[in-house]
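Student: next comes the sequence, and after it the predicted model I'd like to discuss.
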Amino acid sequence: MTIKENVDKILSNVDAAKAASSYSNQSVSVIAVTKYVKAELAREVLENGISHLAENRTELFLEKYEALKDYKVTWHLIGNLQRRKVKSVINFVDYFHALDSMKLAQEISKRAEHQIKCFVEVNISGEESKHGFSVNELLGILPELSKLENIEIVGLMTMAPFDATEDECNDIFGRMKKLQVEISEMNLPQIPCTELSMGMSRDYEAAIKNGASFVRIGTEFFKNL
Ligand SMILES: *Cc1c(COP(=O)(O)O)cnc(C)c1O
């Protein structure tokens, strides 16, 4: 397989999932997660029609950002971010997907030189090992989040458990969609919450069928090369 073949296959699966989705006119941005590969392979993905790239670690993010400066890329930081690293990276990030504490939100707002688009991470499955807010915690902090000047809550992000069945994925993703709509309808300042970042290599089709607008795909882009 070539990168081009992997890209084409993913994009056609995305189209099929959109067609099977309950939501009409759904826009889905496909993010290539390049954490497993060097900048050369990330460049090949860009040259084959993908414009969103993601990394989960600060150092690797900055390395790729520097190496791919000549390309027009929408940059996503998807991994849990330590507060002491916020300053070095946040102003290069277009979307941050792992807002998982109020303290982190405050640090981002303090260090940001423009409004940063953030997804709040929700631990909807309640797994012990997962980061993110519970639904009740999230509803509780919304008023505070909405006051942070340099943060825009564009939506919610989640990860399904690694071993979730298709039914479990549908349940989790369906509940995320409901929660996203509920928060969006509150019309809070700086919390449009119109987007949903969910779906990885093994479950992006289920996520799209349940209303995902950003999917984060790594393995599938780089397999069988
Ligand atoms: C690595 C990673 C992905 C991509 O995972 P794949 O299974 O390789 O598609 C998506 N989201 C997050 C937060 C990740 O860390």
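Tutor: Good, I have the coordinates.
Student: stretch 90-100 and the ligand, are they touching?
Tutor: No. Applying C-beta under 6 Å from any ligand atom, one finds stretch 90-100 out of contact with the ligand, separated by at least 6.7 Å. Glycine gets a C-beta too; all of them are placed from N, C-alpha and C.
Student: buried residues, that stretch. List them.
Tutor: Neighbour counts using 16 or more other C-beta atoms under 10 Å place 90, 93, 95-100 of stretch 90-100 among the buried residues.
Student: same question, stretch 34-41
Tutor: Residues of stretch 34-41 classed as buried: 34, 37, 39 (neighbour count, 16+ other C-beta under 10 Å).
Student: enumerate the residues of the chain near the ligand.
Tutor: Residues of the chain found near the ligand, taking C-beta under 6 Å from any ligand atom as the criterion, are 33, 35, 56, 78-79, 200-201, 216-219.
Student: now with 8 Å?
Tutor: By C-beta under 8 Å from any ligand atom, the part of the chain that sits against the ligand consists of 33, 35-36, 54, 56, 78-79, 97-98, 157, 159, 200-202, 204, 216-220.
Student: now which of these would you call buried?
Tutor: Buried residues within the residues of the chain next to the ligand, counting neighbours by 16+ other C-beta under 10 Å: 33, 54, 56, 78-79, 97-98, 157, 159, 200-201, 204, 216-218, 220.
Student: inside helices: which ones of those?
Tutor: 204, 220 (DSSP state H).
Student: so which bits of the helix or strand hosting Lys110 are buried?
Tutor: With elements taken from DSSP states H and E, the one containing Lys110 is helix 102-111. Residues of helix 102-111 classed as buried by neighbour count (16+ other C-beta under 10 Å): 104-109, 111.
Student: also stretch 170-190?
Tutor: Using 16+ other C-beta under 10 Å as the burial criterion, the residues of stretch 170-190 that qualify are 170-173, 175-177, 179-180, 183-184, 188, 190.
Student: how about the residues you listed in CSV, adding pLDDT, secondary structure and distance to Gly49?
Tutor: Written out in CSV, the entries for the buried residues of stretch 170-190 read as follows (pLDDT from 0 to 100; DSSP: H, G, I helix; E, B strand; the rest coil; distance: C-beta to C-beta, whole Å):
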residue, pLDDT, secondary structure, distance to Gly49
Asn170, 97, helix, 29
Asp171, 97, helix, 33
Ile172, 97, helix, 30
Phe173, 97, helix, 26
Arg175, 98, helix, 32
Met176, 98, helix, 28
Lys177, 98, helix, 27
Leu179, 98, helix, 32
Gln180, 98, helix, 27
Ile183, 98, helix, 32
Ser184, 98, helix, 30
Leu188, 98, coil, 36
Gln190, 97, coil, 32
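Student: re earlier: out of the buried residues of stretch 34-41, who's nearest Gly49?
Tutor: Closest approach between those and Gly49, by C-beta to C-beta: Thr34, at 15.1 Å.
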